[in-house]
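Q: Just a sequence and a predicted model for now, questions to come.
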Amino acid sequence: AQSVTQPDIHITVSEGASLELRCNYSYGATPYLFWYVQSPGQGLQLLLKYFSGDTLVQGIKGFEAEFKRSQSSFNLRKPSVHWSDAAEYFCAVGAGSNFGNEKLTFGTGTRLTIIP
Amino acid sequence: GAVVSQHPSWVICKSGTSVKIECRSLDFQATTMFWYRQFPKQSLMLMATSNEGSKATYEQGVEKDKFLINHASLTLSTLTVTSAHPEDSSFYICSARVLAGFHNEQFFGPGTRLTVL
């Protein structure tokens, strides 16, 4: 079974500073990897995804993530955070065949706080 | 595009009553919808997978008779929490799957906050 680990429960970053959120996954085959963001009381918004190809993927809101198979990681980065980036971030791995019943397994999330 | 709505956004009910939550894909057809629950400050846990026209597939530990799922059309799935109790209070989120090329993506609804008194 697949699993996702987000080692950092809470991260505090100054506005304008760079950000890296860590994500490690466990899955026997090629994973489908996702990063979602959730604002308080809201659903999830997809930031970016990796299916195949270029291991550096660009997402919305200036976020990017790099898939490193050797490290089983898919860390999320942003060069300069904005106060509006404060939210909960979830990494997820999808399992299943291409047309299969792909389930998402989520990490426990990282809460991002931005300070002035 | 790919908008998913949920109704209601929040609901308060008395213990022992049943509550129905709707999940709709507004601008696309979703053959598969997923139901998750999220406890405060925790991650999303998949409850069940709902395929249009067939019975839902529940995850281990989820009571089928308590959480009734119906996916009668390609744009609507419903989750009914029967005989709700305070421990059922949670944030329930649905997602709808869109086939995109050889891969599929899930789009999430805004969630429904259920409080059982």
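A: That came through, no problem.

Q: mind exporting the strand ranked longest in chain A as PDB, just the C-alpha atoms?
A: Ranked by residue count under DSSP state E, the longest strand found in chain A is strand A:87-95. The C-alpha coordinates for strand A:87-95 follow below in PDB (Å, rounded to 0.1, in the frame of the first residue of the first chain):
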ATOM      1  CA  ALA A  87      -2.600  27.600   4.500                       C
ATOM      2  CA  GLU A  88      -2.400  23.900   4.900                       C
ATOM      3  CA  TYR A  89      -0.500  22.000   2.300                       C
ATOM      4  CA  PHE A  90      -1.100  18.300   1.500                       C
ATOM      5  CA  CYS A  91       1.000  16.000  -0.500                       C
ATOM      6  CA  ALA A  92      -0.700  13.000  -2.100                       C
ATOM      7  CA  VAL A  93       0.100   9.900  -4.000                       C
ATOM      8  CA  GLY A  94      -2.300   8.300  -6.500                       C
ATOM      9  CA  ALA A  95      -2.300   4.600  -7.000                       C
END
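
Q: How about it and chain B, any contact?
A: Yes - using Cβ under 8 Å from any Cβ of the partner chain, strand A:87-95 reaches chain B at residue A:90. Every residue, glycine included, has its C-beta placed from N, CA and C.

Q: strands paired with that strand, and their directions?
A: strand A:32-38 (antiparallel), strand A:103-106 (antiparallel), strand A:110-115 (antiparallel) (DSSP bridges).

Q: what's the least confident stretch among those?
A: Of all those, mean pLDDT reaches its minimum on strand A:103-106 (a mean of 87).

Q: chain center to that strand: distance?
A: The chain centre lies 12 Å from the centre of strand A:103-106; the measure is Cα atoms, centre = their mean, to the nearest Å.

Q: Provide a list of residues in contact with the nearest residue to residue B:83 once chain neighbours are set aside.
A: Leaving aside its sequence neighbours, residue B:83 sits nearest to residue B:16 (Cβ to Cβ, 6 or more residues apart in numbering or on different chains; 5.7 Å). The contact partners of residue B:16, by Cβ atoms under 8 Å, 6 or more residues apart in numbering or on different chains, come to B:83-85.

Q: returning to what we had before: would you format the strands paired with strand A:87-95 as CSV with mean neighbour count included?
A: What follows is the strands paired with strand A:87-95, written out as CSV (neighbours: other Cβ atoms under 10 Å in any protein chain shown):
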stretch, mean neighbour count
strand A:32-38, 23
strand A:103-106, 21
strand A:110-115, 16
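
Q: Using a markdown table, lay out those together with distance to residue B:35.
A: Converted to a markdown table, the strands paired with strand A:87-95 look like this (distance: least, Cβ to Cβ, whole Å):
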| stretch | distance to residue B:35 |
| --- | --- |
| strand A:32-38 | 16 |
| strand A:103-106 | 12 |
| strand A:110-115 | 24 |
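
Q: can you give me the helices for chain A?
A: Ranges of helices in chain A, per DSSP state H: none exist.

Q: Let me see the contact set for residue 110.
A: Answering for chain A, as no chain was given. So residue A:110 contacts A:6, A:8-11, A:21-22, A:88-89 (Cβ under 8 Å, 6+ apart).

Q: actually it's chain B I care about, not the one you picked
A: So residue B:110 contacts A:42-43, B:4-6, B:9, B:93 (Cβ under 8 Å, 6+ apart).
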